[in-house]
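# one predicted model, sequence on top.
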Amino acid sequence: MIRVGHGFDAHRLAGGRKLILGGVVIPYEKGSLGHSDGDVLAHALADALLGAASLGDLGSYFPESDPQWRDADSMVLLRTCAGKVGEAGFAIGNVDATVVVQQPRLGPHLESMRRSIASALAVTDERVSIKAKSSDGMGYTGDGTGIAAYAVALIERI
Ligand code: MG
């Protein structure tokens, strides 16, 4: 049996915060606001994996109301979610994600993000695809207000 899951996340961008995507710190004048470290890519991927296994979503395991997860390393959260999918009897086939933001340009960082995510998911790099898009200046991802990520995951019953 193969199953597919989808994830989405968006956060505000603000000064005085680090921009962390897939566990990689991206040099930029603004960063992602969030209860955790605000890693939209890690959050979208976690939701895609949990969704594929019908295991709920990130917030059901790491609620924002819990101070324990304040400034949490989202790659630890992603690794934990991947572990839950494994415990439920599934292997990760592949994941594919798109980060949407006008600035900064993410092209030079995509390969680092890919390796970082593959490591967190305990899969080979070729099972992970990370892409970046601008939104042509439109909307909250185009005017510098925020950043968004979309992800899909395919899992297989072991
Ligand atoms: Mg989030």
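It's in.
# count the neighbours of K133 for me.
Using other Cβ atoms under 10 Å, K133 has 14 other residues around it. Using the backbone N, CA and C atoms, a C-beta is placed for each residue, glycine as well.
# so it bridges to which residues?
Each beta-bridge partner of K133 is listed here, defined by DSSP bridges: V100.
# that one and the ion, how far apart?
K133 sits 18 Å away from the ion, going by Cβ to the ion, to the nearest Å.
# what residues are up against that residue?
Going by Cβ atoms under 8 Å, 6 or more residues apart in numbering, K133 touches T98, V99, V100.
# thought the second one was touching L41?
It stands for V99. Yes. Using Cβ atoms under 8 Å, V99 is in contact with L41, at 5.6 Å.
# give me the more crowded residue out of those two.
A count of neighbours by other Cβ under 10 Å puts L41 above the other of V99 and L41, at 32 against 25.
# isn't that one up against V101?
No. If you go by Cβ under 8 Å, L41 and V101 don't touch, sitting 10.5 Å apart.
# now for the top strand by length along the chain, which elements pack on it?
When secondary structure is assigned using DSSP state E, the longest strand within the chain turns out to be strand 2-15. Where contact means 3 or more Cβ pairs under 8 Å, 6 or more residues apart in numbering; DSSP states H and E, strand 2-15 is packed against strand 30-32, helix 40-52, strand 146-157.
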